[in-house]
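Colleague: Below are the sequence and a predicted model; questions follow.
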Amino acid sequence: MNRSLADVIFGAIGGVVSEDIGKKDKQRVIKYAEEDASMILESAQSIIIIPGYGLAVAQAQFALYEMAKTLIEKGISVRYAIHPVAGRMPGHMNVLLAEANVPYDLLFDLGDINADFQNTDVALVVGANDVVNPAARSDKDSPLYGMPILNADKAKTVIICKRSLSPGFSGVDNELFYSKKTMMIFGDAKDSINTMVKLLKA
């Protein structure tokens, strides 16, 4: 089955709110609530978490690891994918996750984990943008073109926790936001994750 988990669950019950964003191409973004995302996470067998600079801004690394531990306790495979340029300095994500006592054996570099996304139920993107932008592979006119990215778009479902649709450091819009397999959770990442942790523990 190649359909995303979100399609399977919400396609039948219509638990989706959507809106057209005022961009020149009027691409459609589908917004979801934390309740929807937690249901998808709990239904998954494998999850790859992709942290980015927004994780540092929200100081959400502790809440994110609490979520990871909760999911692991439910028998779900959870790993972190670390892009070498995520954040504002080399190793930024490793430092953040070390602060939260995330075990080192849960952290995987781009080259070690990228091939696994295609067999992963959920890619959970928290505060990352350019490092998961498919334009780096497909758009020769993009300033990102040729930059290695994490293959989040290859996962069956993508959940993105982000404050807004604003672009990353490159200033390039991210086509992953508009994918039918993407669930956008807007708001402060720490608040969103804490809400999902409570739901997962309920």
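Modeller: Thanks, I have the structure now.

Colleague: next helix or strand past the lowest-mean-pLDDT helix or strand in the chain?
Modeller: Using mean pLDDT, DSSP states H and E, strand 17-20 stands out as the lowest-scoring helix or strand of the chain, at a mean of 43. Next in sequence after strand 17-20, counting helices and strands by DSSP states H and E, comes strand 28-31.

Colleague: Only C-alpha atoms, please: export the next helix or strand after that following strand in PDB.
Modeller: Using DSSP H and E, the helix or strand that follows strand 28-31 in sequence is helix 34-43. Taking C-alpha atoms only, helix 34-43 is exported to PDB below (Å, rounded to 0.1, in the frame of the first residue of the first chain):
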ATOM      1  CA  GLU A  34      -2.100  17.700  17.300                       C
ATOM      2  CA  GLU A  35      -4.800  15.100  17.900                       C
ATOM      3  CA  ASP A  36      -4.600  14.000  14.200                       C
ATOM      4  CA  ALA A  37      -0.800  13.800  14.300                       C
ATOM      5  CA  SER A  38      -0.700  11.800  17.500                       C
ATOM      6  CA  MET A  39      -3.100   9.300  16.000                       C
ATOM      7  CA  ILE A  40      -0.800   8.800  13.000                       C
ATOM      8  CA  LEU A  41       2.300   8.500  15.200                       C
ATOM      9  CA  GLU A  42       0.600   5.900  17.400                       C
ATOM     10  CA  SER A  43      -0.400   3.900  14.300                       C
END
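
Colleague: Which secondary structure elements does helix 34-43 sit against?
Modeller: Packed against helix 34-43 by the contact rule (3 or more Cβ pairs under 8 Å, 6 or more residues apart in numbering; DSSP states H and E) you find helix 5-13, helix 61-73, strand 122-126, strand 157-162, strand 182-186, helix 189-201. Every C-beta, even on glycine, is put in place using the N, C-alpha and C of the backbone.

Colleague: Tally up the residues packed near residue 164, please.
Modeller: 8 (other Cβ atoms under 10 Å).

Colleague: got a pLDDT number for the residue most central in space within the chain?
Modeller: Central residue of the chain (Cα atoms, centre = their mean): residue 125, 1.5 Å from the mean position. Residue 125 is assigned 97 on the pLDDT scale.

Colleague: So what touches stretch 127-141?
Modeller: Applying Cβ atoms under 8 Å, 6 or more residues apart in numbering, the contact partners of stretch 127-141 are 50-58, 60, 83, 85-86, 123, 125, 142, 144-150, 152-153, 161-162, 167-170, 172, 174-176, 189.
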